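K.L.:
give me a 3D structure for the following:
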Amino acid sequence: MTFGETLGYFKKSEHPEAIVPLMEDVLLRQALVAWPSVRITFVENIGDCSEQQDEVSKWEWLWSKVEFDSITFGIVAGLKGQDIKPILTRMKGLRLIYPDGSINQMAQQYLRSMVAAQLNKAKPKGQK
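P.N.:
Have a look, this model is predicted:
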């Protein structure tokens, strides 16, 4: 499987349970919002992913094919230095972020609903 095919496989198999941690974790939400701002560089000679690999190995293979500046990500996300690696590990492990710079669609919908709810609260009475 190519990088794109493998990535597509994971995007098609998103699970709603992955967004549960977002409901309680402000740092995780901040980091998720910052992820699309990260510059992703693909390593040379990506090659193909073996279809015989288990799902976890395929996921790790995808991430081994990209590089990014985690420090810059942490600054954009408003994270303390010691929080950057654990938050990235959680987002990857929960499959909230993808190595192409995108985020889980269900997580994106959740974040948008949070924003919409806050905007509706901020409207003066009588406005729709």
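K.L.:
spatially central residue for this structure, please.
P.N.:
Ile97 (1.7 Å; C-alpha atoms, centre = their mean).
K.L.:
hang on, it packs against Ile87?
P.N.:
No. Contact criterion C-beta atoms under 8 Å: Ile97 and Ile87 do not qualify, at 10.1 Å. Just so you know, the C-beta spots here come from the backbone N, C-alpha and C atoms, and that holds for glycine as well.
K.L.:
quick one, what contacts Ile87?
P.N.:
Residues near Ile87 by C-beta atoms under 8 Å, 6 or more residues apart in numbering: Leu27, Leu28, Ala31, Gly74, Ala77, Leu79.
K.L.:
can you say which helix or strand has the second one in it?
P.N.:
With elements delineated by DSSP states H and E, Leu28 resides in helix 26-34, which encompasses its position.
K.L.:
which strands and helices sit next to that helix?
P.N.:
helix 20-24, helix 70-77, helix 81-93, helix 105-122 (3 or more C-beta pairs under 8 Å, 6 or more residues apart in numbering; DSSP states H and E).
K.L.:
tilt between the third one and helix 105-122?
P.N.:
Read it as helix 81-93. Angle of helix 81-93 versus helix 105-122, following axes from the mean of the first three to the mean of the last three C-alpha atoms, to 10 degrees, is 120 degrees.
K.L.:
report the buried residues of helix 81-93.
P.N.:
Ile84, Ile87, Leu88, Arg90, Met91, Lys92 (16 or more other C-beta atoms under 10 Å).
K.L.:
ok, stretch 34-49 next?
P.N.:
So stretch 34-49, judged by 16+ other C-beta under 10 Å, has buried residues Ala34, Trp35, Val38, Ile40, Cys49.
K.L.:
the fourth one against Ser102, yeah?
P.N.:
It stands for Ile40. No. Counting by C-beta under 8 Å, Ile40 stays clear of Ser102, with 9.6 Å between them.
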